[in-house]
Structure formats: structure tokens, C-alpha cells
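S.K.: the following comprises the amino acid sequence and a computationally predicted model.
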Amino acid sequence: MDENPITPINQSTGNGKNPVYLPQLKAFDGPDVQTGKDVLVKGLEEMAELVEAGKDWMKAGPDDIDKKREHLLYEFGDVLQTMANIAHEMGMSDTEINWGYQQTVAKNTERGRFTEGW
């Protein structure tokens, strides 16, 4: 595992003007992989864990904020992994996922959630 890259920061929500670059994802390919409905349910489980970690981070004090942020990032990684597993299980191609995301961008641009074009 790589050295811990976590940099202590304050709990601001950011300005929303910077794109978020996600790492390349690889779906599980081992023998004990969830399939069908189980992989979708796993997505709900991991998202719930991310929500709890986010709530813990938002109310963390100065003595434990770095530890709470590390846990938040760990749970975020779990959500990303689960999304890769779902995409694989459902046979989604990169092109289809990109198309789906572009539909979301268009909808949210119309709603004024993006102030700058893509």
C-alpha cells in the first residue's frame, strides 16, 4: 500500500469549481464476488457506511479530525469499488457509463447546479 497521502484540512465544503478526478477502477475478479441483486445491495451498504463516516467527520474535533477524514476516504474508496463491481456485473461499458454521466450533467446544468460549462 502507498504512503498515506492525507493532508489535514479544515471542514469546509469546497467551492465546487474544481473537477474531481477519480482513479481508474477495476472490478473484483476473485472467486467470492457478489453477483446479481447482492452486488446492488452491497452498494447500499457501502453508501450507508460513507454517510456515517461523513457525519462523523463533519462533527469531529481538532484531536480526531485527521483520523475521521482517513476513515471517510476509506469508505469513499469502498463506494468506488462497489460502483466498479456493479458496472461489471451489469455489463456496463465505459462508453455507456460516460453517456449516463453526461445525461446527469445536462439535467443538473438545466437546474443551475453547474455554473460553468463542461
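M.R.: It's in. Numbering: from 1, shown residues only.
S.K.: quick check: longest helix in this protein by residues?
M.R.: If you go by DSSP state H, the chain has its longest helix at helix 65-89.
S.K.: helices or strands next to the helix or strand following that helix in the packing?
M.R.: Sequence order places helix 94-110 as the next helix or strand after helix 65-89, per DSSP states H and E. Using 3 or more Cβ pairs under 8 Å, 6 or more residues apart in numbering; DSSP states H and E, no helix or strand is in contact with helix 94-110. In short, each C-beta sits where N, CA and C put it, glycine included.
S.K.: could you list the low-pLDDT ranges of the chain?
M.R.: 1-2, 4-18, 116-118 (pLDDT under 70).
S.K.: rerun at 90
M.R.: 1-21, 32, 109, 112-118 (pLDDT under 90).
S.K.: that older thread, packing partners of the longest helix of the chain?
M.R.: So helix 65-89, by 3+ Cβ pairs under 8 Å, 6+ apart, packs with helix 36-58.
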